[in-house]
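Q: pasting the sequence and the predicted model now:
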Amino acid sequence: MPSRYMTLDDFLARALDGEHDAARAYRLRGVIGEIALAVRAIAAMIERVMLDGSAGAGAGVQAGARELMMALCERSVCVAGYSAAGSNGSWSTSAPAASARSGYLLTFEALDGAAQIAENGVAGSIFSVRESACEAMDKDARESGWRRGGDAMRAAAHALYGPSTLLVLTLGRGTHGFTLDRASGTFVLTHHAMRVPDEGVEVAIDGAREHAWEPPVLRYVRECRAGSAGVRERDFSLRNGGCAVADLHRVLMRGGVSIVPRELRDVQDASGLDLVHAAQPLAWLIEQAGGAASTGRERVLDLQPRALDARTGVVLGTTREVARIERYYGEYERGVDRPFDSPLFNERSLFRPEACA
């Protein structure tokens, strides 16, 4: 068990020691170190805005955080290309060609939950570091790098800005949490080998969108709402944090599920989470902590992005709860759980949740 005073730098040195390609391990360590610097700067930016009491604080910090991340990528010799959530594109860095060819691709959502900053709410950031597809880093090469999906990730992280600033990281060997020591400006290992609890009663979902949920999600949430009086025979806590990072972190600590569903009436796939910039990095973090990440139909990390701005519905959390929702999707698609036109001839009668609504 590592020392409670192990810094992020120490952790990376040990975790990447002995890598076959020492040069790439060094660059990966460099990219993660730069992410940590950016997280520290964004945390300070949020604090300054709160002290200023500026109107539109969230939008200002969101733009500032994105500009900060883009500037970091441009000056980094370890980053060959980058893509920001909402940008609908990617860029090569201006690093020397020799460095760019051997660098990594960095994706980020600079500030998730920015609207809550003015209310002193929790916000977060999401990052993933991916292998470049080939030596030549022209536009086509970058695009093929993004489309490789979850198997191309070499690191994923989320930052949480709250009473303390946390950086939660995976290199594919467990999920680990580091807390910012503001006095020294260093991140210290405080949550070694995080594990999602086997049981959990937390369900994070935006209830205001219930009218647009797919039937399997509707069935699951209604059963949870019924609590100990229903088929689940225990009480659940339903909430919506307004920040995907905060909801996922609560699941990491307490168990349960965080659901950002694909909406039934959404024919243009505009609902759910951004696949490349958010869903896959968060999915890897939860899987490395012993949880599961699914669309309800398939594993999130198995998806191949059609485009940089592709979105997907996600269920992230405790393995058995994710498996239950996958079963509901399977039953729905086989017709086992489809309501009949006449509930009098429904195999589950008038008492099924859909009929009682």
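A: Done, it's in.
Q: going by C-alpha atoms from here, please, whenever you check contacts or count neighbours.
A: Will do.
Q: and the helices in the protein?
A: Using DSSP state H, the helices found in the chain span residues 8-15, 22-52, 57-75, 97-101, 139-146, 215-226, 244-254, 280-288, 319-334, 353-356.
Q: and those helices, which is most packed in?
A: Sort the helices of the chain by mean neighbour count, taking mean count of other Cα atoms under 10 Å, and helix 280-288 sits at the top with a mean of 27.
Q: picking that back up, of all the helices of the chain, which one is nearest Glu202?
A: Of all those, helix 244-254 sits nearest to Glu202, with 7.0 Å by Cα to Cα.
Q: okay, the angle between that closest one and helix 280-288?
A: 0 degrees (axes from the mean of the first three to the mean of the last three Cα atoms, to 10 degrees).
Q: now do helix 244-254: which elements does it pack against?
A: strand 123-131, strand 153-161, strand 202-204, strand 257-260, helix 280-288, strand 314-317 (3 or more Cα pairs under 8 Å, 6 or more residues apart in numbering; DSSP states H and E).
Q: let's see stretch 109-123 as PDB, backbone CA atoms only.
A: The C-alpha atoms that make up stretch 109-123 are tabulated as PDB, following Å, rounded to 0.1, in the frame of the first residue of the first chain:
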ATOM      1  CA  GLU A 109     -14.100  18.700 -21.600                       C
ATOM      2  CA  ALA A 110     -12.600  21.700 -19.900                       C
ATOM      3  CA  LEU A 111     -15.400  22.400 -17.500                       C
ATOM      4  CA  ASP A 112     -18.500  20.200 -16.900                       C
ATOM      5  CA  GLY A 113     -21.300  21.700 -14.800                       C
ATOM      6  CA  ALA A 114     -20.100  25.300 -15.300                       C
ATOM      7  CA  ALA A 115     -23.600  26.700 -14.800                       C
ATOM      8  CA  GLN A 116     -23.400  25.700 -11.100                       C
ATOM      9  CA  ILE A 117     -20.300  27.800 -10.300                       C
ATOM     10  CA  ALA A 118     -22.300  30.900  -9.600                       C
ATOM     11  CA  GLU A 119     -24.200  28.900  -6.900                       C
ATOM     12  CA  ASN A 120     -21.000  27.500  -5.400                       C
ATOM     13  CA  GLY A 121     -21.900  24.200  -6.900                       C
ATOM     14  CA  VAL A 122     -19.600  21.300  -7.900                       C
ATOM     15  CA  ALA A 123     -18.000  21.300 -11.400                       C
END
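Q: ok, residues contacting that stretch?
A: The contact list for stretch 109-123, computed with Cα atoms under 8 Å, 6 or more residues apart in numbering, reads 46, 50, 53, 55-59, 61-62, 65-66, 69, 84-85, 124-127, 160-162, 242-246, 277-278.
Q: run through the residues that contact the spatially most central residue of the chain.
A: Residue closest to the mean C-alpha point of the chain, counted by Cα atoms, centre = their mean, is Leu282 at 2.8 Å. Neighbouring residues of Leu282 by Cα under 8 Å, 6+ apart: Ile126, Ala156, Ala157, His158, Leu248.
Q: can you count the residues close to the first one?
A: Taking other Cα atoms under 10 Å as the criterion, the count of residues near Ile126 is 25.
Q: how about the nearest residue to it once chain neighbours are set aside: which residues does it bridge to?
A: Of all residues not flanking Ile126 in the chain, His158 sits nearest, at 4.4 Å (Cα to Cα, 6 or more residues apart in numbering). Under DSSP bridges, the beta-bridge partners of His158 are Ile126, Val168.
Q: do you know how far His158 is from Leu252?
A: Per Cα to Cα, to the nearest Å, His158 is found 12 Å from Leu252.
Q: check Ile126 too.
A: With distances taken as Cα to Cα, Ile126 is found 15 Å from Leu252.
Q: just Ser125 next, same as before
A: Taken as Cα to Cα, the span from Ser125 to Leu252 is 16 Å.
Q: same check, this time on Asp9
A: Asp9 is 23 Å from Leu252, by Cα to Cα.
Q: now Ala15
A: Distance from Ala15 to Leu252, counting by Cα to Cα: 22 Å.
Q: over to Arg66?
A: 26 Å.
Q: same thing with Thr186?
A: Going from Thr186 to Leu252 by Cα to Cα gives 23 Å.
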